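1. Below are the sequence and a predicted model for it; my questions follow.
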Amino acid sequence: MFRIVFVIDLLDGRVVHAIKGEREKYQPVDNSKVCNSAEPIEMISAVKPKEVYIADLDRLQHTGNNFEVIKKISAFTKTMVNISVEKNDDIEKCLSITDTVILSSEASSFEIMKYASRNYPGKTSVTIDIKNGSILTKDENLKKEPKELVKHLNDLEIKDIVIIDLSKVGTSAGINEDLLREIKEISTHNILFGGGIRDMNDIDALKEIGISGALVATAVHNGKIPIDI
């Protein structure tokens, strides 16, 4: 079954609208057609998603964390959480508040990914953050073409690979079908995709390619994609 994963970006305890990965410009969600509040629990109660991807932006920016809020969300629905795992110990911290730990190319090294595969099989997923066509990372081992990195991850026991096109997040600019077809052909893992998804036509395209699920926020808030499909 195709998975619709609702995205929540948390900043100072509020749900913010992410645009192109430009975090200094993020503002609390307003004018949503599915919820009248940027308060996380109220939004979860209104939307009732089956699955949520949470990015703790305070943690990602080393200004604090939203762990208590994330714990509450995890009591309502299945969650996968990005707290910017930079050390092996961060995995255990994250598992205390979520079902699945996100290891992002932006924050996590390939060594951490291998460690997680050995010690927490099936409890971690890898997010490949792509911006302007290149992988966002500080690790030389991850500085590859997206297709090469996907192939590099085939030997790891991870839950999903999440491809996020940060350049398109929050823009409703559409999807790169050619890249996703190539990645799907290479990968032995389930592939989820987020960034620029506009409407049900894009969902249908992802299904046709064989992608396992979509990460969506803007298209849910503007009413273009129902959360319960």
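-> Nice, thanks for sending it over.

2. which secondary element of this structure has the worst mean pLDDT?
-> In the chain, the helix or strand scored least confidently by mean pLDDT, DSSP states H and E is strand 27-28, which has a mean of 92.

3. Check which helices and strands it sits against.
-> strand 14-17 (3 or more CB pairs under 8 Å, 6 or more residues apart in numbering; DSSP states H and E). Any C-beta I mention is one placed from the backbone N, CA and C, and that applies to glycine too.

4. residues in contact with the strand it packs on?
-> When contacts are defined by CB atoms under 8 Å, 6 or more residues apart in numbering, strand 14-17 is touched by residues 8-10, 26-29, 38-40, 43, 57, 170, 217-218, 221.

5. For PyMOL, write the selection for the buried entries among these.
-> Provided next is the PyMOL selection string for whichever of the contacts of strand 14-17 are buried by 16 or more other CB atoms under 10 Å:
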select buried, resi 8+9+10+26+29+38+39+40+43+57+170+217+218+221
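
6. Name every strand pairing with the least confident helix or strand of the chain and say which way it goes.
-> Strand pairing for strand 27-28, using DSSP bridges, gives strand 14-17 (antiparallel).

7. How far does the partner strand sit from its chain's centre?
-> Put simply, strand 14-17 sits 15 Å off its chain's centre (CA atoms, centre = their mean, to the nearest Å).

8. Most distant residue from the centre of this structure?
-> Going by CA atoms, centre = their mean, the residue of the chain most distant from its centre is residue 36, 23.2 Å out.

9. Could you report the distance from residue 204 to residue 197?
-> Distance of residue 204 to residue 197, given as CB to CB, to the nearest Å: 11 Å.

10. Neighbour count for those two, which is higher?
-> residue 197 (30 against 11; other CB atoms under 10 Å).

11. Tell me, what's the model's pLDDT at the more buried one?
-> Per-residue pLDDT puts residue 197 at 96.

12. pull the CA atoms of stretch 222-229 into CSV?
-> The C-alpha atoms that make up stretch 222-229 are tabulated as CSV, following Å, rounded to 0.1, in the frame of the first residue of the first chain:
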residue,chain,number,x,y,z
ASN,A,222,-3.8,23.5,0.7
GLY,A,223,-6.2,20.7,0.2
LYS,A,224,-4.7,19.2,-2.9
ILE,A,225,-3.9,15.8,-1.3
PRO,A,226,-6.2,14.1,1.2
ILE,A,227,-4.3,12.5,4.1
ASP,A,228,-6.5,9.4,4.0
ILE,A,229,-6.0,8.1,0.5
